[in-house]
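[1] Show me the folded form of this:
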Amino acid sequence: MTSPQHAARRRMYRRRRWIVGIIAVIVLALIAAAAFVVITYADANNGIRRSSIAGLTGPKQNTGESNILIMGLDSRVDENGNPFPQAIYDQIHAEDASVGGYNTNVLMLIHIPANGGKAVGISIPRDDYVDFPDSPGGVDKGKIKEAYGDAMNASLQNLADKGVSEADAYQQSRTAARQSTIKTVSAFLGGVRIDHFVEVTMAAFYEVAEAVQPITVCLNHATADTFSGADFPAGVQELNAAQSMAFVRQRRDTTSSDFDMTDLDRTRRQQAFMVSLAVKLKQASTFTDFGKLQKLIDVAKKDVAMDDQLDLLSFAQQAQSLAGGNISFVTLPIDHFDTVDGQDVNIVDLDAIRAQVHDLLNPPTPTAAPSPSPSSSSSSGSDAGSSGTPGSTGAPHPVYTDSSSPLQSGNVPCVN
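    This is a model prediction of the structure:
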């Protein structure tokens with residue numbers, strides 16, 4: 001017969017085994033998670049196309065700040081020159097690999113200041129008529145979006161004449177195109193140093209949207225466009241990946257309405273989509289969801305390129321900070337429109353642009369504002385909450401006026 005003391009010891013032993021088992025499972029889970037992060041990080045670093053841009057725009061300043069150029073290509077191929085799956089062409093209304101060139105239809109400089117200050121995204125309209133410092137193929141001036149393609153074509157021809165293999169020539173020419181674009185943008189903005197770049201294809205944009213869909217956006221007007229596939233009502237709405245592509249690509253309204261949409265509205269939509277995507281990424285805890293993180297890295301390996309000094313871990317941490325609303329977006333102004341060599345171009349005031357960029361990258365040190373009284377603080381908080389709209393985080397949606405107005409992050413904005 002088992003004594004009470006012996007039975008108690010057996011129960012305590014089973015309890016200890018149970019606790020030890022739980023601890024073991026937790027430890028194994030933590031080890032597996034750490035291993036996943038390490039393996040995924042190494043996999044991404046080894047798989048993403050890299051190009052050197054060291055010394056192109058001046059020496060690195062030891063200030064803790066960083067300037068990252070985002071380049072969105074309109075090419076219908078991946079970073080290796082391979083066509084996308086036909087299903088993606090169908091979803092993004094992009095026909096096939098034979099359509100489109102190597103224009104940077106999206107050019108945005110992200111300035112991340114030192115000491116956790118508020119970042120700024122500066123969009124450069126794609127048709128701005130600028131000087132090409134490298135004169136690729138003998139071309140001295142053109143639309144800023146064309147610097148990439150002109151440099152790539154000139155490099156391809158030069159390397160072909162030297163007998164370089166097609167695959168090697170392609171990758172070397174992509175690097176030459178990135179470097180030429182970076183020098184062009186830096187010179188255009190007044191010699192701004194560019195520390196890093198991130199290049200994305202149309203497929204990368206679509207597949208990122210697919211990984212985190214639906215994305216909440218807000219439109220001031222109902223609009224449709226047969227070219228991009230856009231067909232949206234006014235107001236707050238959730239978009240799938242295909243609709244998201246139409247949202248950021250639309251630059252005309254093909255309905256019978258009198259709504260006049262421009263290329264600058266498309267630039268503002270791209271900014272708004274980045275804000276909405278950042279909100280969704282943070283809410284969905286994408287940065288800690290291993291499945292989604294792996295899918296995003298798989299996309300990056302096919303359809304994203306970066307400079308060889310950009311650390312993915314640091315970049316992810318910065319992105320997580322910006323997702324919290326610590327960034328605003330502006331679009332550089334256009335003086336007037338003109339036609340050069342049969343092409344519609346944007347003519348800009350270069351001095352005004354460089355002065356604006358200097359001020360954006362070097363804002364005055366903020367002074368401490370007086371604390372609001374309890375009554376005024378309570379009142380404003382009540383007003384903000386009562387005017388919120390569906391899909392918001394409590395604050396009202398700002399109403400879009402024109403492309404010169406800064407767009408603040410942290411909440412889904414309404415745009416044209």
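
[2] and for stretch 297-317, what are the contacting residues?
    For stretch 297-317, the external contacting residues (Cβ atoms under 8 Å, 6 or more residues apart in numbering) are 40-41, 43-45, 47-54, 68, 78-80, 174, 178, 195-201, 203-204, 207-208, 211, 287. Bear in mind the C-beta positions are built from the backbone N, C-alpha and C, glycine included.

[3] my bad, should have said stretch 137-156
    For stretch 137-156, contacts defined as Cβ under 8 Å, 6+ apart pick out 71, 73, 101-105, 107, 124-132, 134, 136, 157, 169-170, 172-174, 176-181, 184-185, 188, 340, 343, 345.

[4] What of stretch 233-247?
    91-93, 202, 205-207, 209-210, 213-222, 225, 228-232, 269, 273, 389-392, 397, 412.

[5] Which ones among the contacts of stretch 297-317 map onto strands?
    Using DSSP state E, 49, 50, 51, 68, 196, 197, 198, 199, 200 are the members of the contacts of stretch 297-317 that sit in strands.

[6] can you put those in TSV and add distance to residue 143, neighbour count and pLDDT?
    Output for those, formatted as TSV (distance: Cβ to Cβ, whole Å; neighbours: other Cβ atoms under 10 Å; pLDDT from 0 to 100):
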residue	distance to residue 143	neighbour count	pLDDT
49	25	20	87
50	27	14	89
51	22	19	92
68	22	21	92
196	24	21	93
197	19	23	93
198	21	20	91
199	18	25	91
200	20	20	88
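
[7] With respect to residue 250, which of those residues is nearest?
    residue 200 (18.5 Å; Cβ to Cβ).

[8] Do I have it right that the closest one meets residue 75?
    No: assessed by Cβ atoms under 8 Å, residue 200 is found out of contact with residue 75, at 10.6 Å.

[9] For the protein, give me the ranges with low pLDDT.
    Residues of the chain meeting the criterion pLDDT under 70: 1-46, 60-62, 282-290, 292-293, 313, 316-325, 366-398, 400-403.

[10] Please, where are all the helices along it?
    Along the chain, counting by DSSP state H, helices occupy 4-47, 86-92, 146-161, 166-188, 202-212, 241-249, 263-283, 290-303, 312-323, 350-361, 374-386.

[11] that older thread, buried subset of the contacts of stretch 233-247?
    Those of these that meet the buried threshold are 91-93, 202, 205-207, 209-210, 215-221, 225, 228-230, 232, 269, 273, 391-392, 397, 412, by 16 or more other Cβ atoms under 10 Å.

[12] Just flag the most distant two among the ones in strands among the contacts of stretch 297-317.
    Between any two of the ones in strands among the contacts of stretch 297-317 (Cβ to Cβ), the greatest distance is 16.4 Å, for 49 and 68.

[13] among the contacts of stretch 137-156, which ones are buried?
    Using 16+ other Cβ under 10 Å, the buried members of the contacts of stretch 137-156 are 71, 73, 102-105, 107, 124-130, 132, 134, 136, 169-170, 172-174, 176-181, 184-185, 188, 345.

[14] is it true that residue 272 touches residue 409?
    No: Residue 272 is beyond contact range of residue 409, at 9.6 Å (criterion: Cβ under 8 Å).

[15] Around residue 165, how many other residues sit close by?
    9 (other Cβ atoms under 10 Å).

[16] correction: residue 115
    Neighbour tally, residue 115, other Cβ under 10 Å: 7.

[17] So it sits against residue 365, correct?
    No: with contacts counted by Cβ under 8 Å, residue 115 stays clear of residue 365, the gap being 10.8 Å.

[18] All good on my end, thank you.
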